[in-house]
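Enquirer: Test case, fold it:
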Amino acid sequence: MLLFSCGGPKGDKGEEVASVNGSPVYMKDFMKEVRMASKRDPGMKLTEERLEDILHTMVDRKLLIDEAVKKGLSEEERFLESIKSFWEQTLIRELIESKNREWADKLLVTDEEVKSRYELMRHRITLRVVKAHDMKEAQAALPALSSKGDLMGPLFVEDLRPSDPLIAAFAMEKGAKAAVGSDDDFFAYEVVKKEPSGAPPLEEVYETLKTSLLEEKKEKALEDWLESRKKAAAIRINEDAIERLK
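Expert: Residues are numbered from 1 along each chain as shown. Alright, predicted model coming up:
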């Protein structure tokens, strides 16, 4: 093992700073480790001793990996599945970031949208709710809310997903009833209590709210894009096989 071979051969990753059993440690990778160490410890001083510690850690890691490969651990199914899972997660994350950059100019949050969400945040509500299977059943349950409904709350806007149909209740007055639904969630509800939530002034939460709304739009854009891809894809599900698992 040759340490600190800075005058060694150069490849695509630059010059070597070390070699472990013939396997090079490149300057590019070494500097990446140094940057990561600096991020973990912003007060770290890049002394000669600290740089040597980082390099020796990389050397130790190479020795451990070499031993694992010799023992055949890199060929075990469990290891390969872990690598596959990590690769898939990383690839999906990169795709989402790429899509967010692609939509950056289209996904904007207006001042009116921020103020509108803030208005909903200013109250907390308690509902009497009946869950239904479809909109027809939800509408039929409205007259029987007082006897069959379950109390839910107090609720804050932050408690619900942006797509939750119950979020519309925050804009309604006490005593109001409605039947709402989306996807598989259908409800009949009555607003039985509406009171101030104690939300801080708008100017204090404006930027946080704007960021939150932007993230919601990104999530919705991704859901819509994925749904369009599903419709265009040839997807086959073996219902019989799924049924046998029940």
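Enquirer: quick one: strands adjacent to the strand ranked longest in the chain?
Expert: Assignment by DSSP state E gives strand 185-196 as the longest strand of the chain. In the sheet, strand 185-196 lines up against strand 123-132 (antiparallel), strand 177-182 (antiparallel) (DSSP bridges).
Enquirer: Now do the longest one, average pLDDT.
Expert: Taken as a whole, strand 123-132 has a mean pLDDT of 92.
Enquirer: what sits up against that strand?
Expert: 138, 140-141, 144-146, 148-156, 166, 169-170, 179, 181, 185-197 (C-beta atoms under 8 Å, 6 or more residues apart in numbering). Just so you know, the C-beta spots here come from the backbone N, C-alpha and C atoms, and that holds for glycine as well.
Enquirer: can you rerun that using 6 Å?
Expert: 138, 141, 145, 148-156, 169, 186-195, 197 (C-beta atoms under 6 Å, 6 or more residues apart in numbering).
Enquirer: So what's the gap between that strand and the chain middle?
Expert: 28 Å (C-alpha atoms, centre = their mean, to the nearest Å).
Enquirer: Beyond it, next helix or strand please.
Expert: As assigned by DSSP states H and E, the chain's next helix or strand after strand 123-132 is helix 135-141.
Enquirer: burial of Glu227, as a residue count?
Expert: 10 (other C-beta atoms under 10 Å).
Enquirer: now swap in Trp225 and tell me
Expert: 13.
Enquirer: List the buried residues for the helix or strand encompassing it?
Expert: With secondary structure defined by DSSP H and E, Trp225 is part of helix 202-232. Neighbour-count burial for helix 202-232, counted by 16 or more other C-beta atoms under 10 Å, picks out 205, 209-210, 212-214, 216-218, 221.
Enquirer: of the residues you listed, closest to Arg122?
Expert: Arg122 lies nearest to Val205 out of the buried residues of helix 202-232, by C-beta to C-beta, at 10.9 Å.
Enquirer: so how far is Gly153 from that closest one?
Expert: 22 Å (C-beta to C-beta, to the nearest Å).
Enquirer: before we move on, the earlier item: who does the helix holding Trp225 touch, helix- and strand-wise?
Expert: When contacts are defined as 3 or more C-beta pairs under 6 Å, 6 or more residues apart in numbering; DSSP states H and E, helix 202-232 packs onto helix 111-121.
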